[in-house]
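> fold the following and give me the result.
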Amino acid sequence: MIHLEDVRLELQSRAGPVEILRGANLDVGDGEAVAILGPSGSGKSTLLMVIAGLEQPNAGRVEVHDQDLIAMGEDDLAGFRRDHVGIVFQSFHLVAAMTALENVAVPLELGGVDNAFERARAALVAVGLEARLEHYPAQLSGGEQQRVAIARAFANRPKLILADEPTGNLDRDTGKVVIELLFKMQQETGATLLLITHDPALAKRCGRTLYMVDGGIRPDESPKT
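Numbering: from 1, shown residues only. This next block holds a predicted model:
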């Protein structure tokens, strides 16, 4: 499902170039749930952006679902994400002027799905929001907004789910509910899950845990000294 080989990414800052990814290597199989732990600034979110085709690395190989992302243009990458990838962000990324139903359905409609609103409604029912379909984000709690985001991520039945600190803006109890839902949806659909987190207890819910430090990936749960 995911194959990264010697991926390097350098970004420009006011202080000069900053090397974010330094030869990152990663292999994730179909249907796996893999957690990536690491401190702030280690490159976790940037890695996820590269896998989603939202950032282009300076060097290396990025293959997702048997497609070479580096060889693809912006239109092809957008189509790839639409057809194969669901993303759950820490800060929900819902459109304030749209209802919960519209937030899930409109991306499907833009992607050419004929039954977009029916599929969106089913996804929201699956996450327990059947009574909140016509509510706007401001009328929903943080946990409910993240459930809308999860419904949106799974609505198009993607092969890959990328979750970037999905409980980061939630209180402990609400976060537990959201995580249970995320893993339930992943297991029911058979999607591959790559979970970015700083929480070792949450990482243990995955089948495998990797640790990211200084732009590279290590196959263990704590940095080597």
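> quick check, pLDDT for Leu210.
Per-residue pLDDT puts Leu210 at 95.
> surely it is in a strand?
Yes - per DSSP: H, G, I helix; E, B strand; the rest coil, Leu210 lies within a strand segment.
> list the contacts for it?
Contact partners of Leu210, counting by C-beta atoms under 8 Å, 6 or more residues apart in numbering, are Leu26, Val34, Ala35, Ile36, Leu37, Ile217, Arg218, Pro219, Asp220. Bear in mind the C-beta positions are built from the backbone N, C-alpha and C, glycine included.
> distance of Gly38 from Glu5?
Distance from Gly38 to Glu5, counting by C-beta to C-beta, to the nearest Å: 20 Å.
> which one of those two has more residues nearby?
Taking other C-beta atoms under 10 Å, Gly38 and Glu5 do not tie; Gly38 has more neighbours (23 against 14).
> which phi and psi does that one have?
When quoted as degrees, to the nearest 10, the phi and psi of Gly38 stand at phi 160, psi 160.
> against Asp6, how distant is the residue nearest to it when sequence neighbours are not counted?
In space, and not counting its chain neighbours, Gly38 is closest to Met212: 3.5 Å by C-beta to C-beta, 6 or more residues apart in numbering. Met212 is 15 Å from Asp6, where distance means C-beta to C-beta.
> of the two, who's got more company?
Ranked by neighbour count (other C-beta under 10 Å), Met212 and Asp6 place Met212 first, with 22 against 13.
> report the central residue of the chain.
What sits nearest the mean C-alpha location of the chain, by C-alpha atoms, centre = their mean, is Leu162, with 2.1 Å.
> which strand residues bridge that residue?
Counting by DSSP bridges, Leu162 forms beta bridges with Ile87, Leu194.
> is it correct that it is in contact with Val85?
Yes - using C-beta atoms under 8 Å, Leu162 makes contact with Val85 at a distance of 6.5 Å.
> identify the contacts common to those two.
Joint contacts of Leu162 and Val85 (C-beta under 8 Å, 6+ apart) are Ala52.
> helices of this protein, residue ranges please.
Remark: helices assigned in the chain by DSSP state H are 44-51, 74-84, 100-110, 116-126, 142-155, 172-189, 200-203.
> buried ones in the second one?
So that's helix 74-84. Neighbour-count burial for helix 74-84, counted by 16 or more other C-beta atoms under 10 Å, picks out Leu77, Phe80, Arg81, Arg82, His84.
> swap in the fourth one?
Of the residues in helix 116-126, those buried under the neighbour-count criterion (16+ other C-beta under 10 Å) are Ala116, Phe117, Arg119, Ala120, Arg121, Ala123, Leu124, Ala126.
> how near is the fourth one to Phe154?
Looking back up the chat, that one is Ala120. Ala120 is 11 Å from Phe154, by C-beta to C-beta.
> rewinding a little: if I look at the residue nearest to the centre of the chain, how far off is Val28?
Computed as C-beta to C-beta, the Leu162 to Val28 distance reads 11 Å.
> overlap in contacts, the two.
Residues touching both Leu162 and Val28 (C-beta under 8 Å, 6+ apart) are Leu194.
> report the contact partners of the closest residue to Leu108 other than its chain neighbours.
Of all residues not flanking Leu108 in the chain, Ala116 sits nearest, at 3.8 Å (C-beta to C-beta, 6+ apart). Residues counted as contacts of Ala116 (C-beta under 8 Å, 6+ apart) are Ala105, Val106, Leu108, Glu109.
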